[in-house]
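In: okay, here's the prediction I keep looking at, along with the sequence it came from:
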Amino acid sequence: MEIPMSRKFSVIIEQDEDGVFVGRVPELKGCLSQGDTIEELLDHIKEAIAVCLEAADESTSRFVDVKTVEVEA
């Protein structure tokens, strides 16, 4: 029997113009969710993290580098 492992992830939370809370997990590419309250968002993001972790297990991509770019506004 496999014992589930607990992991912690940072969630960046923003509120959009409609008042909806949007969260994303920087460590997991494309992992985001939303909710009408922060509590609802956190419930939804936990589900999204589980899905993203499953997808990451099947992914063949790998981290290469981080670069900074400058853009004239």
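Out: Ah, there it is. Just so you know, these numbers come straight off a predicted model, no measurement behind them. Residues are numbered from 1 along each chain as shown.
In: what's near enough to touch Glu47?
Out: Ser33 (CB atoms under 8 Å, 6 or more residues apart in numbering). Placement of C-beta: from N, CA and C, glycine included.
In: shouldn't it be within a strand?
Out: No - going by DSSP: H, G, I helix; E, B strand; the rest coil, the assignment for Glu47 is helix, not a strand.
In: what does the model give it for pLDDT?
Out: On the pLDDT scale, Glu47 is placed at 97.
In: contact partners for Arg62?
Out: Counting by CB under 8 Å, 6+ apart, there are no residues that Arg62 touches.
In: host element of it?
Out: Taking DSSP states H and E as the definition, Arg62 sits outside all helices and strands.
In: and it, how far from Gln15?
Out: 34 Å (CB to CB, to the nearest Å).
In: tell me the spacing between the residue nearest the centre of the chain and Gln15.
Out: The centroid of the chain falls nearest to Val25 when counting by CA atoms, centre = their mean (2.4 Å). As for Val25, its distance to Gln15 is 17 Å (criterion: CB to CB).
In: ok, now Glu70?
Out: Going from Glu70 to Gln15 by CB to CB gives 29 Å.
In: compare the two (neighbour count), which wins?
Out: Gln15 (12 against 4; other CB atoms under 10 Å).
In: let me see the contact set for that one.
Out: Counting by CB under 8 Å, 6+ apart, Gln15 makes contact with Phe21, Val22.
In: one more: the one 5 residues further on?
Out: Taking CB under 8 Å, 6+ apart as the contact definition, Val20 lies against Gln34, Gly35, Asp36.
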